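1. Below is the sequence, then the predicted model.
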Amino acid sequence: MTILNKNVRVEDLPEFDDHEEVIFFSDKKTGLKSIVAIHSTILGPATGGTRCFEYRSEVDAVRDALRLSRSMTYKCALAGVPFGGGKGVIILGHGKTKSKAVIRAYARNIETLHGRFSTGEDVGLTEYDVSEMEKVSSHINGPKHAGELGPWAALGVFSAMKAGLKEVYGTTSFEDRTVAIKGVGKVGSELLRLIYESGGRVVIADIDAKKVKEMKRRYGVKIVSPKSIHRERADIYAPCALGNEFTPENENEIQAKIICGAANNQLTDPAIAERFRKKGILYLPDYVVNAGGLINAVSHLVHKKGRKAWVQRKVLGIAKTITRLIAKSKKSRHSLSTVSDHMAEAILRKKAYKR
């Protein structure tokens, strides 16, 4: 039993899913406060990125780690990589920014787990930060081994979009199709390039005015507000920023026939996926379509030779996974989210049985 405060236990949080470990790290000298959630090691050692974020409370940070680590387990299962799900979060104090000392202290704590959890870049951590972490821990999936993750994550989303287009419009072509992308960071900007070069029209939104201006200059895209982009009349809506994108308050405002984006945990309520299905909106589960970054991140641990070819085959194979999920969804009349969860759970049960 882990007590967060006098009223809340980790085990009582709705996101707790029989997680194997929830570990709290702190360091008074640097001010580090962090959490690592290991959901499952049935398929192999846990892996997942680390977020560096100013959470409203420690409880919010734990809930985020629990939710994201479970998604990582399912992502690994459906991506076909021999790893389990984990997630790390570094809690920034109010108004404080991360420091090299905090990043290094966190990495030293990761080293004490002796490989039960490996981690890398996520929201709030840069490639430079992860490079610093690699200097003090051998369990970091950083640029030294994995290289850039964004392009591979974008390629996976792009591949999944093609499967969605084939189902809804009968063709994988982006010609005369409009894609609305929310968030043009490393993944969103690369996804924009792929769609633009394939003949698609693109609408973008981002809170970073500098990024938006650069994308406008480079591609001549339409720019709208992050608060309204989900209401755009687009063929595909691609959330590529933070999670919790779809709520009971805005789910009826979606105009796109396909939802396919890189953001994690897009649904505030799992039931929204089923309501999308009944409305004729094809919602492609985020943890399936955004697995390209994961695949590349762990590739150096799986293959020493022919690594790039293995990554490309796995990432492009995301489209085949989506096609299989669509077929199962139509047969069972359940959302793709439900079907993908069931498929991942079946993989985990089979592996657990063989142990």
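-> Now that the structure is in, tell me what you want to look at. Residues are numbered from 1 along each chain as shown.
2. Show me the strands in the stretch 151-300 of the chain, by range?
-> With DSSP state E, counting those that start in this stretch as the definition, the stretch 151-300 of the chain shows strands at residue ranges 178-182, 201-205, 222-223, 236-239, 258-259, 282-283.
3. Reformat these as a markdown table; add mean neighbour count.
-> Bear in mind the C-beta positions are built from the backbone N, C-alpha and C, glycine included. Formatted as a markdown table, the strands of the stretch 151-300 of the chain follow (neighbours: other C-beta atoms under 10 Å):
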| stretch | mean neighbour count |
| --- | --- |
| strand 178-182 | 26 |
| strand 201-205 | 22 |
| strand 222-223 | 15 |
| strand 236-239 | 28 |
| strand 258-259 | 24 |
| strand 282-283 | 24 |
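4. Tabulate those strands (JSON lines), appending distance to residue 332 and mean pLDDT.
-> As requested, the strands of the stretch 151-300 of the chain are exported to JSON lines (distance: least, C-beta to C-beta, whole Å; pLDDT from 0 to 100):
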{"stretch": "strand 178-182", "distance to residue 332": "28", "mean pLDDT": "98"}
{"stretch": "strand 201-205", "distance to residue 332": "33", "mean pLDDT": "97"}
{"stretch": "strand 222-223", "distance to residue 332": "38", "mean pLDDT": "96"}
{"stretch": "strand 236-239", "distance to residue 332": "24", "mean pLDDT": "98"}
{"stretch": "strand 258-259", "distance to residue 332": "20", "mean pLDDT": "98"}
{"stretch": "strand 282-283", "distance to residue 332": "15", "mean pLDDT": "98"}
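5. closest to residue 46 out of the ones you listed?
-> Evaluated over the strands of the stretch 151-300 of the chain, closeness to residue 46 peaks at strand 236-239, with 25.5 Å, by C-beta to C-beta.
6. Pairing partners for the closest one, with directions?
-> In the sheet, strand 236-239 lines up against strand 178-182 (parallel), strand 258-259 (parallel) (DSSP bridges).
7. what's around residue 243, how many residues?
-> 18 (other C-beta atoms under 10 Å).
8. hey, where'd the helices end up in this structure?
-> Per DSSP state H, the chain carries helices over the ranges 58-79, 100-111, 127-134, 150-169, 186-197, 209-219, 271-278, 286-289, 292-302, 307-316, 318-332, 336-354.
9. so can I have TSV of these showing mean pLDDT, mean neighbour count and distance to residue 246?
-> As requested, the helices of the chain are exported to TSV (pLDDT from 0 to 100; neighbours: other C-beta atoms under 10 Å; distance: least, C-beta to C-beta, whole Å):
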stretch	mean pLDDT	mean neighbour count	distance to residue 246
helix 58-79	94	24	15
helix 100-111	95	20	31
helix 127-134	91	19	30
helix 150-169	96	23	16
helix 186-197	96	22	17
helix 209-219	94	14	23
helix 271-278	96	18	5
helix 286-289	96	26	10
helix 292-302	87	24	22
helix 307-316	91	16	25
helix 318-332	96	17	18
helix 336-354	91	17	11
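10. picking that back up, among the strands of the stretch 151-300 of the chain, which comes closest to residue 58?
-> strand 236-239 (26.6 Å).
11. got JSON lines for the strands of the stretch 151-300 of the chain, with distance to residue 10 too?
-> Shown next, in JSON lines, are these (distance: least, C-beta to C-beta, whole Å):
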{"stretch": "strand 178-182", "distance to residue 10": "32"}
{"stretch": "strand 201-205", "distance to residue 10": "35"}
{"stretch": "strand 222-223", "distance to residue 10": "42"}
{"stretch": "strand 236-239", "distance to residue 10": "28"}
{"stretch": "strand 258-259", "distance to residue 10": "31"}
{"stretch": "strand 282-283", "distance to residue 10": "30"}
